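*Asks:* Structure for this input, please:
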Amino acid sequence: MQGATFKELPDKEGYFGLIPGFQGLWASADTVEKTRAELAEVLKEWVDLGIQFGDPIPDIAGIPLIQG
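*Replies:* Model (predicted):
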């Protein structure tokens, strides 16, 4: 999760997190810690679906998530 970015939402309504390079992968929650945990779960589901549909899975920091 080192590459993830987090921003506070306007009016202090919580936080938004994403992982650059992972299109459509984001999460939001009321604290950074909850957003990070939600983002980790969303990443797992995103990768699982990508594998299921044969979509390319980007590397993170040069490390492949999927060994081919």
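*Asks:* Leu65 is in contact with Asp59, correct?
*Replies:* Yes - using C-beta atoms under 8 Å, Asp59 is in contact with Leu65, at 6.9 Å. All C-beta spots, glycine's among them, are computed from the backbone N, C-alpha and C.
*Asks:* Tell me where the model's unsure across the chain.
*Replies:* Residue ranges of the chain with pLDDT under 70: 1, 67-68.
*Asks:* what about 90?
*Replies:* Low-confidence segments of the chain (pLDDT under 90): 1-3, 11-13, 20-24, 47, 50-51, 54-68.
*Asks:* which stretches of it form helices?
*Replies:* Along the chain, the segments classed as helices by DSSP state H run 32-53.
*Asks:* Count the residues that sit near the residue nearest to Asp30 when sequence neighbours are not counted.
*Replies:* Nearest residue to Asp30, sequence neighbours excluded (C-beta to C-beta, 6 or more residues apart in numbering): Gly14, at 4.5 Å. The number of residues packed around Gly14, counting by other C-beta atoms under 10 Å, is 15.
*Asks:* Then Phe16?
*Replies:* Per other C-beta under 10 Å, the neighbour tally for Phe16 reads 16.
*Asks:* Run through the residues that contact it.
*Replies:* For Phe16, the contacting residues are Phe6, Lys7, Glu8, Leu9, Trp26, Ala27, Ser28, Thr35, by C-beta atoms under 8 Å, 6 or more residues apart in numbering.
*Asks:* and if you look at Glu38?
*Replies:* Contact analysis of Glu38 by C-beta under 8 Å, 6+ apart lists Gly17, Ala27, Ser28, Ala29.
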